[in-house]
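# Here is my input; please provide its structure:
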Amino acid sequence: MCRRRSQRPERGGVPEEGACPLLHSSAGRVAGGGSGRAAGRGRPAALSRPQLSGTSDSATVGPMSRVVVVGGGVIGCAIAERLSRERRHQVLLLERDSVGAHASGAAAGLLSPHTESADHGLSARSLAMFPELVERVERTGIAVEFHEHDSLTPALTGDEERRLRRGPGRWLDAAAARAAEPGLSARVRGATVFREAQVTPIRLVRALARTAVEQGAEIREGAPVGGLSVRSGQLLGVQAAEGPVRADAVVLAAGPWSPALASPAGVALDVRPSRGQLVMMRPRAAAMRNVLTWRGCYLVPKPDGTVVAGSTEEEAGFDDRPTVEGIAGLLQFACQAVPALGQATVERVWAALRPATPDGQPVIGPAPGLPNLVVATGHNRTGILLAPVTAELVAERLP
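Numbers count the residues shown, from 1 in each chain. I've put the predicted structure just below:
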């Protein structure tokens, strides 16, 4: 239900074991084909949010190359922050809507290297970068609400118990699991505990963007990009609404819309939109102490007392509307895992389009034939988690 390609819940509101393979991450791959829609419409404008305006007075040393970052989600903003911090690049980020307007702002914010990615090494490396990143971006005055916490993965069957006992994490028997999370279903035979973290994604995106601007970057919202400017096999920049924008290098971080921008330049990206639906509930009383992850689904208690349940993973083209079936499946999962949530009120339902790849690995690296085009997309459910390490990898791969 939560990680299946079609949104049809299994009996009991939980997907069959093995139906939802874990995703993983790697760097430096550009392959396959893909499709997407062209960048949206809108009048180009300088970044208008007060907290994102301003320039840096810091001196730079030596000539600066101009880098255009296409896409203002968490990946694009993390890259802009990382590159502007170096003071070696003149960074311009173009976002067709507003920063964090799509999948990044819609995410639950769970930083879970154990359950969201099979490439635990890269995920763990990125998670370890968060404390320093948070300290830096919160100097803007924007609190990203980063905090570490326990995450429980319960076992409801004998097979699940045997698998979890053999895996990483600390095993709790049934009594200890209910002591840690009293609201757990009576069916729980035990649980594995991981130490993980979470943030509020839209705050993180805005803090990254503001930090980038304070370091000298320029960010334009309402600035759609229609394509890449290529002449005689050379990438010259991008085609923006106001006309050509020249660049020494371009970073393509436009999520599931990246293939539509890359394809006319001869770069095929096997990236497609994957719809993720989520629901926010408000329990009558504190219903949960810890994050709960189970077969690709999750329940995330937030600082304001709400609980977010997610997430579906569906092939629905570019339709980003939530469905009755998708939300019903998430609510059924929530009630089965923590029965007290059956009395919670539903505050909000939403969906967003994530960039997914067939093998679950993001595409990070220079495009074949266009070395000054660096692609950073395909993160699917791991975009928030992998944003810091992706920014590092992109910085290393820029010409």
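
# where do the helices sit along the stretch 251-399 of the chain?
Ranges of helices within the stretch 251-399 of the chain are 258-262, 324-337, 383-397, based on DSSP state H, counting those that start in this stretch.

# Name the spans of the protein whose pLDDT lies under the cut-off.
By pLDDT under 70, the weakly predicted segments of the chain are 1-63, 115-118.

# Most distant residue from the centre of it?
For the chain, the residue at maximal distance from the C-alpha centroid (CA atoms, centre = their mean) is S232, at 35.3 Å.

# circling back to that earlier point, for C297, which of the helices of the stretch 251-399 of the chain is the nearest?
C297 lies closest to helix 324-337 among these, at 5.0 Å (CB to CB). Every C-beta, even on glycine, is put in place using the N, C-alpha and C of the backbone.

# Now do the buried residues in that closest one.
325-327, 329-337 (16 or more other CB atoms under 10 Å).

# Closest to A103 out of the residues you listed?
Nearest member of the buried residues of helix 324-337 to A103, counting by CB to CB, is G326, at 15.6 Å.

# now stretch 66-81, how far from the chain's geometric center?
Stretch 66-81 sits 14 Å away from the centroid of its parent chain (CA atoms, centre = their mean, to the nearest Å).

# quick one: buried residues of it?
67-81.

# Of those, just say which sits nearest to G342.
V74 (33.0 Å).

# Just confirm the closest one contacts E95, I think it does.
No: when contacts are counted by CB atoms under 8 Å, V74 is not listed as touching E95 (11.8 Å).

# between the longest helix that the chain contains and helix 383-397, how many degrees?
Secondary structure of the chain per DSSP state H: the longest helix is helix 120-137. Interaxial angle, helix 120-137 versus helix 383-397 (axes from the mean of the first three to the mean of the last three CA atoms, to 10 degrees): 90 degrees.

# neighbouring contacts of the very next helix or strand once past helix 120-137?
Following helix 120-137 in sequence order, the next helix or strand is strand 147-155 (DSSP states H and E). Residues from elsewhere that reach strand 147-155, judged by CB atoms under 8 Å, 6 or more residues apart in numbering: 110, 112, 114-115, 160-161, 163-164, 169, 172, 177, 180-181, 184-185, 188-198, 290-294, 303, 337.

# Going along the chain, name the strands of the stretch 1-150 of the chain.
For the stretch 1-150 of the chain, strands defined by DSSP state E, counting those that start in this stretch occupy the ranges 65-70, 89-94, 110-111, 147-155.

# need those in TSV with distance to D119, can you?
Below are the strands of the stretch 1-150 of the chain laid out as TSV (distance: least, CB to CB, whole Å):
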stretch	distance to D119
strand 65-70	24
strand 89-94	27
strand 110-111	14
strand 147-155	18
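
# Go through the ones you listed and name the closest to D248.
Per CB to CB, nearest to D248 of the strands of the stretch 1-150 of the chain: strand 65-70, 4.0 Å.

# Show me what that closest one is packed up against.
Secondary-structure packing of strand 65-70 (3 or more CB pairs under 8 Å, 6 or more residues apart in numbering; DSSP states H and E): helix 74-86, strand 89-94, strand 234-240, strand 249-252.

# If you count neighbours, what's buried in the third one?
The reference is to strand 234-240. 235-240.

# Quick check: next helix or strand after that strand?
Trace forward from strand 234-240 with DSSP H and E and the next one is strand 243-246.

# my read is R178 is in a helix, agree?
Yes: applying DSSP: H, G, I helix; E, B strand; the rest coil, one finds R178 inside a helix.

# what's it in contact with, if anything?
184, 188.

# From E196, how far out is it?
Going from R178 to E196 by CB to CB, to the nearest Å gives 20 Å.

# Please apply the same query to A395.
Remark: distance between A395 and E196 (CB to CB) = 26 Å.

# Of these two, give the one with the bigger neighbour count.
Neighbours per residue (other CB atoms under 10 Å) separate A395 from E196, with E196 holding more: 21 against 18.

# Work out the sheet partners of the helix or strand hosting that one and label each with its direction, please.
In this structure, E196 sits in strand 190-198 according to DSSP H and E. Sheet pairing of strand 190-198 (DSSP bridges) gives strand 110-111 (antiparallel), strand 147-155 (antiparallel), strand 170-173 (antiparallel).

# Other residues contacting the shortest one?
Think strand 110-111. Here strand 110-111 makes contact (CB under 8 Å, 6+ apart) with 116, 127, 130, 151, 196-199, 291, 293, 298, 300, 384-385.

# same check, this time on the last one
Where contact means CB under 8 Å, 6+ apart, the residues beyond strand 170-173 that reach it are 152, 164-165, 180, 190-194.

# Apart from its chain neighbours, what residue comes closest to A249?
Spatial nearest neighbour of A249, chain neighbours left out: N372 (4.3 Å); criterion: CB to CB, 6 or more residues apart in numbering.

# what about that neighbour, neighbour count?
Counted with other CB under 10 Å, residues neighbouring N372 total 19.

# is it true that it touches V251?
No: using CB under 8 Å, N372 is not in contact with V251; the gap is 9.8 Å.

# Indicate which one of the helices of the stretch 251-399 of the chain is closest to I142.
Smallest distance to I142 across those (CB to CB): 15.4 Å, for helix 383-397.
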